[in-house]
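In: sequence first, then the predicted structure, then my questions.
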Amino acid sequence: MLRVALRPKFLGLLALMATATLVCGLLANWQFERATRALDAREETTSAAPVPIEELMDAHEPVTNAVQGRLASFTGEFVPSEQVLVPGREIDGHDAAVVVTNARITEGPLRGTSIPVARGYTTAPSSEWDTLPEPPTGERTIVVRLEASEEASGTVHREGDGGVATVGTLSSTLLVNVWEGPMLAELLPISWTEKSVID
């Protein structure tokens, strides 16, 4: 056995396997370090203080990796008549529907533009959705966490005349067709104020 193992052919194979093992180890270490740096950068981004939304994006840019997760602030007001629910979500172990309301920016260079804001979620059955509390009224400072829009799927559906509107995905592409006025970008941000229960 030893003589066979010491033949040049087998020694070459052994050297090749040792080299492959070394390369795999180096690549695994590089990948781990890169992932750790990405997580650290993400934590820094999500914990950074809110900045005015116009410093992070303008009227013609989608949410990018550089701003995703960042806290942004703006002065604006919610439009109660422009609200949709996104059912079929599981949040904290519960079946839920995300409540998305149009917020119109009222000050600064983006004045008059809209941003869809996921104000929270409800675990109430669909039969009670029309009794959910209205969004707060009046002009206020709104702080959101910027997230990329999901891919559009389906259409906006409304139950009956003046009923609750629902959409299949958190997609700004669907909302831009039903809410009036300019919006921030072709692929708009869906922004969480906080993942709070609205019941």
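Out: Good, I have the coordinates.
In: the longest strand along the chain - what's its average pLDDT?
Out: Longest among the strand segments of the chain by residue count, using DSSP state E, is strand 71-91. The average pLDDT for strand 71-91 rounds to 89.
In: can you list the strands that that strand pairs with?
Out: Strand pairing for strand 71-91, determined by DSSP bridges: strand 51-52 (parallel), strand 94-105 (antiparallel), strand 140-147 (antiparallel), strand 165-166 (parallel).
In: alpha carbons only: can I get that strand in PDB?
Out: C-alpha atoms of strand 71-91 as PDB (Å, rounded to 0.1, in the frame of the first residue of the first chain):
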ATOM      1  CA  LEU A  71     -34.300  56.100   8.600                       C
ATOM      2  CA  ALA A  72     -35.600  59.200   6.800                       C
ATOM      3  CA  SER A  73     -37.800  62.000   7.900                       C
ATOM      4  CA  PHE A  74     -40.100  64.500   6.200                       C
ATOM      5  CA  THR A  75     -42.900  66.900   7.000                       C
ATOM      6  CA  GLY A  76     -46.200  65.600   5.500                       C
ATOM      7  CA  GLU A  77     -49.700  64.400   6.100                       C
ATOM      8  CA  PHE A  78     -51.400  61.100   5.600                       C
ATOM      9  CA  VAL A  79     -54.200  60.800   3.000                       C
ATOM     10  CA  PRO A  80     -56.900  58.700   4.700                       C
ATOM     11  CA  SER A  81     -58.800  58.000   1.400                       C
ATOM     12  CA  GLU A  82     -55.600  56.500  -0.100                       C
ATOM     13  CA  GLN A  83     -55.000  53.500   2.000                       C
ATOM     14  CA  VAL A  84     -54.600  49.800   1.100                       C
ATOM     15  CA  LEU A  85     -54.200  46.500   2.900                       C
ATOM     16  CA  VAL A  86     -51.800  43.800   1.900                       C
ATOM     17  CA  PRO A  87     -53.200  40.500   3.300                       C
ATOM     18  CA  GLY A  88     -51.500  37.100   3.600                       C
ATOM     19  CA  ARG A  89     -48.500  38.100   5.700                       C
ATOM     20  CA  GLU A  90     -47.100  36.300   8.700                       C
ATOM     21  CA  ILE A  91     -45.800  38.800  11.300                       C
END
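In: buried residues of it, list them for me.
Out: By 16 or more other Cβ atoms under 10 Å, the buried positions in strand 71-91 come out as 71-72, 74, 76-79, 82-87. In this view, the C-beta of every residue, glycine as well, is placed from N, C-alpha and C.
In: tell me which of those residues is nearest to Trp129?
Out: Closest approach between the buried residues of strand 71-91 and Trp129, by Cβ to Cβ: Leu85, at 6.0 Å.
In: from Leu71, how far out is that closest one?
Out: Distance, Leu85 to Leu71, using Cβ to Cβ, to the nearest Å: 24 Å.
In: show me where this protein has helices.
Out: Here the chain has its helices, by DSSP state H, at 2-5, 8-47, 172-175.
In: lowest-confidence stretch among the ones you listed?
Out: Of all the helices of the chain, helix 2-5 has the smallest average pLDDT, which comes to a mean of 56.
In: next one, pLDDT for the residue lying closest to Val178 once chain neighbours are set aside please.
Out: Leaving out its chain neighbours, the residue that sits closest to Val178 by Cβ to Cβ, 6 or more residues apart in numbering is Val156, at 5.1 Å. The model reports Val156 with a pLDDT of 75.
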